[in-house]
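S.K.: Return a 3D structure for these sequence lines:
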Amino acid sequence: MLGTRHCFNNIADSKDHLISLSHLNKVVALDTTNHTVTVEAGVRYGELATWLNDRGYALHNLASLPHISVAGGCATATHGSGVHNGNLSSAVRAMEFITASGALVELSQNKDKEKFQGAVIHLGGLGVITKITLAIEPTYQVRQHVYENLPLQQLEHHFEEIMSSAYSVSLFTDWRDKNINEIWIKSRVGEKTDWGHRPDLFGAKAATRNLHPIKGISPENCTEQMGVPGPWHERLPHFRMGFMPSGGTELQSEYFVPRDRSYEAIRAVAQLHEKISPLLLITEIRCIAADDLWMSPCYRQPSTTIHFTWRQEWPAVRQLLPLIEETARSLPRKAALGKTIHHSPSTAKQII
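M.R.: Presented below is the predicted three-dimensional model:
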């Protein structure tokens, strides 16, 4: 099964047949009583968001790219950022899929709680997802500010404060000069925690122009910044729907850490900056709220992610990743980087 193929491994590759969801791309129903929307699984988030906003509704969060499909985003626990925001899968309220035997299965949060919690994040292992029902809320406006050059040391005592300063916060760094290159702060208009108007944020200075997360690249493809308010779906992603976000030649990897050990993990990675920076395009650091979905990396655990976008130099990156993981293992076990794979509510296995 294929969604939009924003994937950096070969999980969906096959020498036999591939099935695409690209034509299952319609909105099925808007339920204003129960505050849900049901869509065919191939709908892209950017298209759904526009449709919802035009009718006065919104989703709780979006990933950095609006180009991905709803089915793919939910199947893989794709996430945006925000200490109170669950990943995209946490908005699922019901789903329909066809199994390998041809059976049509429907699961909902209300009727099939345990099966449902085990099925929402499935990495394509259930069959062909045909429909998904998502929770919605009234539409809202977001303004986006960017700050430059935060001393890394400031995260030791202010990480939680910074990451809680707005509805969605992302840190971008290339690990050079003990520095966070950029802080992207996305605030819901009218919310109390809106630090975006400050000229200084713990030593970081407010940007005076729109920026791209990667230094030297034109911000043309990025969503509007400089505090200009706009619809939620035009600010929560980092990149605009009408533009190609990348050429697809980069590599990506991501590690999860319990949020209360975030600075220790960040400091451990920073110690490898001389090896990481030459191979790196950018790292993004985000927070995600806990959820109850069995296969979620944030299962019952608020998490911080350290995400690497690498240059297309796989032999060198392949040698570096085990070093990053070994550095993580040198931390107290509680803070080790990695995804937690949950096989049932009562059993879990931490893997690096």
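
S.K.: So the spatially most central residue of the chain: helix, strand or coil?
M.R.: Nearest to the mean C-alpha position of the chain, by C-alpha atoms, centre = their mean, lies His79 at 2.4 Å. Here His79 is coil, with the state taken from DSSP: H, G, I helix; E, B strand; the rest coil.

S.K.: tell me which element Trp184 falls in.
M.R.: Using DSSP states H and E, Trp184 maps to strand 179-188.

S.K.: partner strands of that strand, parallel or antiparallel?
M.R.: Sheet pairing for strand 179-188, assigned by DSSP bridges, gives strand 141-151 (antiparallel), strand 168-173 (antiparallel).

S.K.: Adding mean pLDDT, write those out as TSV.
M.R.: Below are the strands paired with strand 179-188 laid out as TSV (pLDDT from 0 to 100):
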stretch	mean pLDDT
strand 141-151	96
strand 168-173	97
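
S.K.: Could you save these as a markdown table and add columns showing distance to Ser330 and mean neighbour count?
M.R.: Any C-beta I mention is one placed from the backbone N, CA and C, and that applies to glycine too. Below are these laid out as a markdown table (distance: least, C-beta to C-beta, whole Å; neighbours: other C-beta atoms under 10 Å):
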| stretch | distance to Ser330 | mean neighbour count |
| --- | --- | --- |
| strand 141-151 | 24 | 21 |
| strand 168-173 | 21 | 24 |
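
S.K.: and those as TSV, adding distance to Leu2?
M.R.: Output for those, formatted as TSV (distance: least, C-beta to C-beta, whole Å):
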stretch	distance to Leu2
strand 141-151	31
strand 168-173	28
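
S.K.: Minimum distance to Gly227: which of the ones you listed has it?
M.R.: strand 141-151 (4.9 Å; C-beta to C-beta).

S.K.: ok so, going back, following the strand holding Trp184, which helix or strand shows up next?
M.R.: Counting by DSSP H and E, the next helix or strand C-terminal to strand 179-188 is strand 200-201.

S.K.: chain center to stretch 250-265: distance?
M.R.: Taking the mean of its C-alpha atoms, stretch 250-265 sits 12 Å from the chain's own mean (C-alpha atoms, centre = their mean, to the nearest Å).

S.K.: tell me the mean pLDDT for that stretch?
M.R.: Averaging pLDDT along stretch 250-265 gives 91.

S.K.: Which parts of the stretch 1-150 of the chain are strands?
M.R.: Remark: strands assigned in the stretch 1-150 of the chain by DSSP state E, counting those that start in this stretch are 27-31, 36-40, 57-58, 92-98, 104-108, 128-135, 137-138, 141-151.

S.K.: need these in CSV with distance to Val317, can you?
M.R.: Converted to CSV, the strands of the stretch 1-150 of the chain look like this (distance: least, C-beta to C-beta, whole Å):
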stretch, distance to Val317
strand 27-31, 39
strand 36-40, 36
strand 57-58, 37
strand 92-98, 33
strand 104-108, 38
strand 128-135, 31
strand 137-138, 39
strand 141-151, 26
